[in-house]
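> fold the following, please.
(one chain, ligands or ions: 2)
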Amino acid sequence: MNKNDSERIASFLVDFGLKQTTKPEKADVLLINTCSVREHAEQRVFGFIHNWNKFRENKPNLIIGITGCLPGHDKDEKIRKKFEKVDLYFPIIDLPNLPEKLNKINPELFPLEKSKQLSEYWEYEPIRQNNFSASITIQNGCNNFCTYCIVPYSRGREKNRPLKEILEEIKKLDKEKFLQIDLLGQVVNNYQAPDPENFSLNNPYQEKDHFAALLWEVNQIEGVKRIFFTAPDPQYFNDWQIEALTLPKMMNYLHIPVQSGDNKILKKMNRKYTREFFIELIRKIRQVKPEIALGTDIIVGFCGETEEQFQNTLDLYQQCDFDISYHAKYSNRPGTVADKLFVDDISEEIKKERWQKIQKIMEEQTLKKNQFYKDKIVSVLVTECQDGYCQGNSKEMKLTKFLGDKSLLGKIVQVKINNPERWILFGEMV
Ligand code: 5AD
Ligand code: SF4
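Numbers count the residues shown, from 1 in each chain. Ligands and ions are numbered 1, 2, ... in the order given. From the prediction side, this is the model:
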């Protein structure tokens with residue numbers, strides 16, 4: 001999501017006639033788009049700002065700014081005061097207010113007549129950095145308030161983008177280039193179209209579920225070959241959404257964050273489902289799409305997590321037979337419910353131990369699961385070609401590598417797997 005937001009910031013600045021550069025010391029404007037999900041990401045921002053401030057010596061008019069999640073949750077600017085000089089400090093949703101601010105700082109570089117008067121930040125058309133799949137933001141913010149999570153504070157309440165705008169953004173894409181669409185939202189499967197009248201009359205889901213209906217609409221768009229979305233919340237899955245996973249262009253991979261496999265911890269996290277509900281959901285998904293690959297997110301060492309509760313997570317991980325998971329050691333975030341009500345009492349040592357344990361189980365399981373692909377044919381979107389080899393993700397989101405040349409770049413090809421390793425499926429094009 002942040003990457004897609006950065007693509008919008010780029011287009012916003014290019015509209016003023018600025019050019020992108022890879023050399024920060026040459027830039028007239030340096031903006032950092034921050035993530036606040038874990039403390040570590042925020043700590044790194046200090047280093048960037050410190051280094052960038054040195055450029056002011058040779059560039060007295062340099063504009064340095066911070067956007068993204070950090071200013072979003074730092075309403076009283078307590079953290080801002082810890083930085084060396086920054087000229088701009090705004091949450092991403094304030095992007096439409098930026099022309100005035102920039103104009104005040106440097107009217108020559110930012111004449112107001114060049115600015116686009118848009119009301120929502122997502123209306124700025126992104127300059128896409130990824131040449132093969134296009135991220136499409138369909139929603140911003142979140143109302144779920146999971147107790148560990150800073151997102152509802154940093155991105156604000158959930159707001160859904162009009163269906164018409166989403167479909168127009170996709171239809172406008174260069175279809176030769178962007179074969180894959182990635183739909184983005186914090187709680188993407190809770191999507192509620194503010195303009196449901198724009199669903200097609202023959203959309204089978206329009207009266208039933210807006211997210212399933214959106215997937216159906218994107219499936220109808222010519223040129224779109226693959227559709228991925230992230231991240232859904234288990235609580236919002238229903239039979240319509242499960243059925244929509246079988247629409248022809250859907251990826252054969254689902255990323256579905258569970259966070260914990262223990263009911264008490266889930267409750268304490270304010271995740272509104274149980275372990276049993278989640279396991280049953282996975283069963284239902286596999287029933288309609290038996291070969292789907294599954295991924296998840298897990299937090300270890302949440303406040304008060306006992307060894308037994310952690311074991312319940314390991315047990316759920318194995319029961320659900322995930323293909324991959326992303327593990328995070330719990331990081332206390334200021335202002336969250338967990339910060340106010342619970343004690344971050346699991347030592348760093350135990351967090352690390354649990355992280356390593358689950359990581360090891362995942363790695364073993366990933367290798368085991370990949371054996372399924374031996375001698376099977378997978379469909380690969382080629383995104384890199386080097387030294388006679390091409391690679392890209394299969395529909396199962398498995399990195400696949402095979403002999404091939406640059407002419408295959410950006411194409412979807414069929415690859416027969418002969419050597420499935422843990423992180424790469426090796427094969428040959430058929
Ligand atoms: N500490 C650790 N991990 C977190 N995540 C969100 N908030 C925290 C936190 N405070 C993880 C969740 C989420 C992913 C994007 O980041 O697993 O799914
Ligand atoms: Fe954070 Fe929970 Fe919202 Fe996801 S659903 S963004 S974890 S509060």
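> residue 334 contacts residue 73, correct?
Yes - using C-beta atoms under 8 Å, residue 334 makes contact with residue 73 at a distance of 7.5 Å. Backbone N, C-alpha and C define where each C-beta goes, glycine included.
> what touches both of the two?
residue 150 (C-beta atoms under 8 Å, 6 or more residues apart in numbering).
> check which residues of the lengthiest helix in the chain are buried.
Using DSSP state H, we find that the single longest helix of the chain is helix 348-370. Across helix 348-370, burial judged by 16 or more other C-beta atoms under 10 Å covers 350-351, 354-355, 357-358, 362, 365-366, 369-370.
> closest one of those residues to ligand 1?
Taking C-beta to the nearest ligand atom as the measure, residue 351 is the one of these closest to ligand 1, at 9.6 Å.
> quick one: contacts for the residue lying closest to residue 223 once chain neighbours are set aside?
Ranked by C-beta to C-beta, 6 or more residues apart in numbering and with sequence neighbours excluded, the top spatial neighbour of residue 223 is residue 175, at 2.8 Å. By C-beta under 8 Å, 6+ apart, the contact set of residue 175 is 222-224.
> who wins for neighbours among those residues?
Neighbour counts for the contacts of residue 175 peak at residue 224, which has 19 neighbours (criterion: other C-beta atoms under 10 Å).
> just want the phi and psi numbers for that one.
Note on residue 224: backbone dihedrals following degrees, to the nearest 10 are phi -70, psi 130.
> thinking it is in contact with residue 181, fair?
Yes - using C-beta under 8 Å, residue 224 is in contact with residue 181, at 5.5 Å.
> give me the common contacts of these two.
Contacts common to residue 224 and residue 181, judged by C-beta under 8 Å, 6+ apart, are 170, 218.
> sorry, back to before: going by distance to residue 216, which of the buried residues of helix 348-370 wins?
Nearest to residue 216, judged by C-beta to C-beta, of the buried residues of helix 348-370 is residue 369 at 29.5 Å.
> okay, the closest one: pLDDT?
On pLDDT, residue 369 comes in at 97.
> show me where pLDDT drops low in this protein?
Of all residues in the chain, none has pLDDT under 70.
> so which bits of it are right by ligand 1?
Within the chain, the positions adjacent to ligand 1 are 37-38, 148-149, 257, 259, 297, 299, 328, 330-331, 333 by C-beta under 6 Å from any ligand atom.
> for the protein, which residues are neighbours of ligand 2?
Contact residues (C-beta under 6 Å from any ligand atom) of the chain with ligand 2: 142, 144-146, 149, 151-152, 186-187, 233.
> one more pass at 5 Å, please.
142, 144, 146, 149, 151, 186 (C-beta under 5 Å from any ligand atom).
> okay, and which of those map to helices?
Among these, the members found in helices (DSSP H) are residue 151.
> now distance to residue 87 too, for the residues of the chain next to ligand 2, in JSON lines please.
What follows is those, written out as JSON lines (distance: C-beta to C-beta, whole Å):
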{"residue": "142", "distance to residue 87": "29"}
{"residue": "144", "distance to residue 87": "34"}
{"residue": "146", "distance to residue 87": "34"}
{"residue": "149", "distance to residue 87": "30"}
{"residue": "151", "distance to residue 87": "26"}
{"residue": "186", "distance to residue 87": "29"}
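> wait, which of the residues of the chain next to ligand 2 is closest to residue 77?
Nearest to residue 77, judged by C-beta to C-beta, of these is residue 151 at 19.6 Å.
> my guess is that closest one contacts residue 142. True?
Yes - using C-beta under 8 Å, residue 151 makes contact with residue 142 at a distance of 5.1 Å.
> please enumerate the shared neighbours of the two.
Common neighbours of residue 151 and residue 142 (criterion: C-beta under 8 Å, 6+ apart): residue 186.
> distance check, residue 385 against residue 187.
Distance, residue 385 to residue 187, by C-beta to C-beta, to the nearest Å: 37 Å.
> coming back round to it: of residue 334 and residue 73, give the one with the bigger neighbour count.
Counted by other C-beta under 10 Å, residue 334 and residue 73 do not tie: residue 73 has more neighbours, with 21 against 15.
> verify the stated contact: that one with residue 36.
Yes - because the distance of 6.0 Å satisfies C-beta under 8 Å, residue 73 is recorded as touching residue 36.
> could you list the alpha-carbon positions for stretch 399-418 in CSV?
Taking C-alpha atoms only, stretch 399-418 is exported to CSV below (Å, rounded to 0.1, in the frame of the first residue of the first chain):
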residue,chain,number,x,y,z
LEU,A,399,8.9,-17.9,-7.5
THR,A,400,9.6,-20.0,-10.5
LYS,A,401,12.9,-20.1,-12.5
PHE,A,402,13.7,-21.6,-15.9
LEU,A,403,15.9,-21.2,-19.0
GLY,A,404,14.7,-18.4,-21.2
ASP,A,405,15.6,-15.1,-22.8
LYS,A,406,14.5,-11.4,-22.5
SER,A,407,11.8,-11.8,-25.1
LEU,A,408,9.7,-13.5,-22.5
LEU,A,409,9.8,-10.5,-20.1
GLY,A,410,6.2,-9.4,-19.2
LYS,A,411,4.6,-12.5,-20.7
ILE,A,412,2.7,-15.3,-19.1
VAL,A,413,4.3,-18.7,-19.9
GLN,A,414,3.7,-22.3,-18.9
VAL,A,415,6.6,-24.0,-17.0
LYS,A,416,6.9,-27.6,-16.1
ILE,A,417,8.5,-28.0,-12.7
ASN,A,418,11.3,-30.5,-12.3
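> that older thread, hey, what's in contact with both of residue 73 and residue 36?
With C-beta under 8 Å, 6+ apart as the test, residue 73 and residue 36 both reach 150, 154.
> phi and psi next, for residue 292.
According to degrees, to the nearest 10, residue 292 has phi -70, psi 140.
> what's the distance between it and ligand 1?
19 Å (C-beta to the nearest ligand atom, to the nearest Å).
> just the strands from the stretch 251-400 of the chain, written as ranges.
Here the stretch 251-400 of the chain has its strands, by DSSP state E, counting those that start in this stretch, at 253-255, 293-300, 324-329, 377-386, 389-394, 399-403.
> brilliant, that's me finished.
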